[in-house]
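**Student:** Need the 3D shape of this:
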Amino acid sequence: MTTAPSSEEGTRLAKILVEERLAACVSRVPAVHSHFRWEGEIQEATEELLVIKTHARRAPDLTRRLSEIHPYDVPEILVLPVAAGLPSYLE
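**Tutor:** Below you'll find the predicted structure:
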């Protein structure tokens, strides 16, 4: 999972990750309102949330590549375990 500063950036990141086969799918959620502290100041931003689906074995390569192409200095890149799901989807 990551956030992007705009729809255009979200599209760009999603396309790269899918084209390079680092992600099977990227779902983009527009207009996520984020509140955070950056360089000692409270900030607000409207961002796009990217939910990136990949296999656990691809996570290190995906994390490395996403950090290379992401426009933020310190992007949010989170890997969350899947506890359960529809078996045919998880295959």
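**Student:** drop to CA atoms for contacts and neighbour counts, all remaining ones
**Tutor:** Fine.
**Student:** The spatially closest residue to Thr63 that is not a sequence neighbour: neighbour count?
**Tutor:** Spatial nearest neighbour of Thr63, excluding adjacent residues (CA to CA, 6 or more residues apart in numbering): Ile77 at 6.8 Å. By other CA atoms under 10 Å, the residues close to Ile77 number 17.
**Student:** Next, the contact list for Ile77, please.
**Tutor:** Met1, Thr2, Thr63, Leu66, Ser67 (CA atoms under 8 Å, 6 or more residues apart in numbering).
**Student:** same question, Ser6
**Tutor:** Applying CA under 8 Å, 6+ apart to Ser6 gives the contacts Thr46, Glu47, Glu48.
**Student:** give me that answer again for 7 Å
**Tutor:** Ser6 sits next to Glu47, Glu48 when contact means CA atoms under 7 Å, 6 or more residues apart in numbering.
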